[in-house]
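Undergrad: What follows is a predicted protein model with its sequence.
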Amino acid sequence: MTAHEAEGRADLAAMAEALYALVPGEFTRARNDRTTQLRADGEKDLADAVKALPKPSAGAWLVNMMVRQMSEEIGQVLELGAALRQAQEQLDAAQLRALNNQRRRLTAAVVRQAVKVAAGLGQKVSPAVADQAEATLHAAMTDDGAAAALRTGLLVAPMEAAGLGGVDLAGVVAVPGAMDHVPRTVEAEAAAEESPARRLTVVPDRTRLLEEATEALEAAQFLADGAARALRKAEDHVSRLEARGLQLRAEIEELQRQIDERESTLQSVEDDLGEADEQREAAVETHDEAQAAVDAARQKVAKLNRRR
């Protein structure tokens with residue numbers, strides 16, 4: 001490797017360190033901003049390399065965060081891993097059993113602590129992601145290469161021990177040639193007199209900002225136009241319903257007037273019916289009396305005819 005290549009790899013590792021120290025939601029924008037700035041500075045090759053850096057998975061981010069913010073605990077994990085590997089080489093079964101029990105307790109405790117630290121950074125960790133982090137710690141304890149990968153703090157994917165086959169490290173580290181890279185830890189930054197910012201500082205790209213603002217304006221205008229159309233449609237609907245309501249109310253009032261009129265007519269008819277019933281009863285009584293008189297006269301006439 002030439003001196004120039006080594007310098008470029010070191011620069012890439014340094015930029016990757018800053019990027020992989022960010023919380024997941026900030027990674028893509030920061031990477032793109034750094035790429036834009038590098039291109040503007042004429043660093044095309046480095047810009048392409050930074051642009052190619054993949055966003056870490058949630059499990060990888062959690063472990064990278066642990067390397068930076070829980071360096072003491074990670075040190076304990078790796079020390080225990082070294083002891084485990086030595087016991088395995090010496091075929092010390094009793095020691096292996098004891099160390100494996102200790103490993104399970106330690107990795108579980110470290111991950112639980114990491115979940116709390118992540119919550120303090122505004123990142124919620126699911127049980128599945130916590131399991132991935134614990135598996136990654138286990139892998140680093142069983143394999144030298146995995147331990148070196150973990151120390152970089154540049155993981156893009158979780159690791160997993162694969163029995164006698166070791167750990168597959170393909171595509172696990174963001175900068176494969178930086179396996180000896182060790183990121184600055186929180187403790188180191190706190191001890192430094194002038195601690196460099198742990199977040200990327202990027203010179204604003206005014207053209208990009210203007211384009212984004214214009215796109216945001218167009219999107220907002222599109223939404224506003226759609227909302228205006230929806231408002232007009234709703235107002236038309238309301239107007240039609242109000243007109244229909246007025247029409248129905250008028251029809252109800254007319255029907256109510258007709259009902260009142262017919263109720264009045266019905267009352268008059270019922271009154272006339274009462275009088276007509278009385279007149280009919282009187283007529284029946286008169287008719288019955290007249291009929292009785294006719295019957296009596298008829299009988300008298302018949303009686304007189306018989307005496308002749």
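TA: Yep, that arrived.
Undergrad: list the buried ones in stretch 59-77?
TA: Residues of stretch 59-77 classed as buried: 59-71, 73-74, 77 (neighbour count, 16 or more other CB atoms under 10 Å). To be clear about C-beta, it is placed using only N, CA and C from the backbone, and glycine gets the same treatment.
Undergrad: Let's see the pLDDT reported for the residue lying closest to Asn100 once chain neighbours are set aside.
TA: Residue nearest to Asn100 in three dimensions, not counting chain neighbours: Leu84, with 7.1 Å by CB to CB, 6 or more residues apart in numbering. Looking at Leu84, its pLDDT stands at 87.
Undergrad: Out of the buried residues of stretch 59-77, which comes closest to Val129?
TA: Distance to Val129, by CB to CB, is smallest for Gly59 among those, at 5.0 Å.
Undergrad: Which helix or which strand is home to the closest one?
TA: Using DSSP states H and E, Gly59 sits in helix 58-69.
Undergrad: Just list what that helix packs against, helices and strands only.
TA: Counting contacts by 3 or more CB pairs under 8 Å, 6 or more residues apart in numbering; DSSP states H and E, helix 58-69 is packed against helix 71-89, helix 93-120, helix 127-142, helix 144-152.
Undergrad: my guess is the residue nearest to Asn100 contacts Ala140, does it?
TA: No: with contact defined as CB atoms under 8 Å, Leu84 and Ala140 do not form a contacting pair (10.8 Å).
Undergrad: Just want to check the distance between Gly25 and Ser57.
TA: 14 Å (CB to CB, to the nearest Å).
Undergrad: wait, what's in contact with the closest residue to Leu38 other than its chain neighbours?
TA: Distances taken as CB to CB, 6+ apart place Ala47 nearest to Leu38, at 3.7 Å, with adjacent residues excluded. Contacts for Ala47 were tallied using CB atoms under 8 Å, 6 or more residues apart in numbering; they are Thr35, Thr36, Leu38, Arg39.
Undergrad: Looking at Leu84 and Ala140, which has the bigger crowd around it?
TA: Higher neighbour count among Leu84 and Ala140: Ala140, with 26 against 19, using other CB atoms under 10 Å.
Undergrad: Show me what Glu173 is bridged to.
TA: That one is not Glu; residue 173 is Val. Per DSSP bridges, the residues bridged to Val173 are Leu155.
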